[in-house]
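A.B. asks: 3D model of this:
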Amino acid sequence: MCSEPCKSIDGYAIFASGLHEETSKEDIEDKFGDFGTVKRLILPRNRKTGMLRGYALIKYEHGADAQDAIDALNKTQMLGQTLNVGWVFIK
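C.D. replies: Numbers count the residues shown, from 1 in each chain. Below is the predicted model of the structure:
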């Protein structure tokens, strides 16, 4: 995976997959907020069940914060699931 991130319009975006369907916004903010202020969080949900689709987009203002989150959280466990965390936009 390329390690050179590209900044989106409103920050540096990372993608987290492997999330448990009952993961809450607060769970994500608590875990990913340890590395910097989460500027924006997108948690797509299934329209019929309301459960999480298993992934999230997390945006940080600073690329270093996003990189720290990737380094620390990729391949770790959250609610019994293994997270895959990486860049959304790369050069």
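A.B. asks: what comes up buried for stretch 51-60?
C.D. replies: 52, 55, 56, 58, 59, 60 (16 or more other C-beta atoms under 10 Å). Just so you know, the C-beta spots here come from the backbone N, C-alpha and C atoms, and that holds for glycine as well.
A.B. asks: Out of the residues you listed, which sit inside strands?
C.D. replies: 55, 56, 58, 59, 60 (DSSP state E).
A.B. asks: Next, format those residues as CSV and append pLDDT and distance to residue 79.
C.D. replies: Shown next, in CSV, are those (pLDDT from 0 to 100; distance: C-beta to C-beta, whole Å):
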residue, pLDDT, distance to residue 79
55, 96, 14
56, 96, 13
58, 96, 16
59, 95, 22
60, 95, 22
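A.B. asks: Tell me the one among these nearest to residue 37.
C.D. replies: Minimum distance to residue 37 across those is 7.1 Å, recorded for residue 60 (C-beta to C-beta).
A.B. asks: Bridged to the closest one, which residues?
C.D. replies: residue 12, residue 38 (DSSP bridges).
A.B. asks: which residues does it contact?
C.D. replies: Contact analysis of residue 60 by C-beta atoms under 8 Å, 6 or more residues apart in numbering lists 11, 12, 14, 35, 36, 37, 38, 39, 66, 69.
A.B. asks: Swap in 10 Å and give it another go.
C.D. replies: Contact analysis of residue 60 by C-beta atoms under 10 Å, 6 or more residues apart in numbering lists 5, 11-14, 32-33, 35-40, 66-69.
A.B. asks: Now that we have those, which of them are buried?
C.D. replies: 5, 11-14, 32-33, 35-36, 38-39, 66-67, 69.
A.B. asks: now, which of these sits nearest residue 86?
C.D. replies: residue 14 (6.6 Å).
A.B. asks: Would you mind measuring from that closest one to residue 21?
C.D. replies: Residue 14 is 20 Å from residue 21, where distance means C-beta to C-beta, to the nearest Å.
A.B. asks: Now do the same contact list for the spatially most distant residue from the centre of the chain.
C.D. replies: Here the chain reaches farthest from its C-alpha mean at residue 48, the gap being 23.3 Å by C-alpha atoms, centre = their mean. Shown in contact with residue 48 (C-beta under 10 Å, 6+ apart): no residues.
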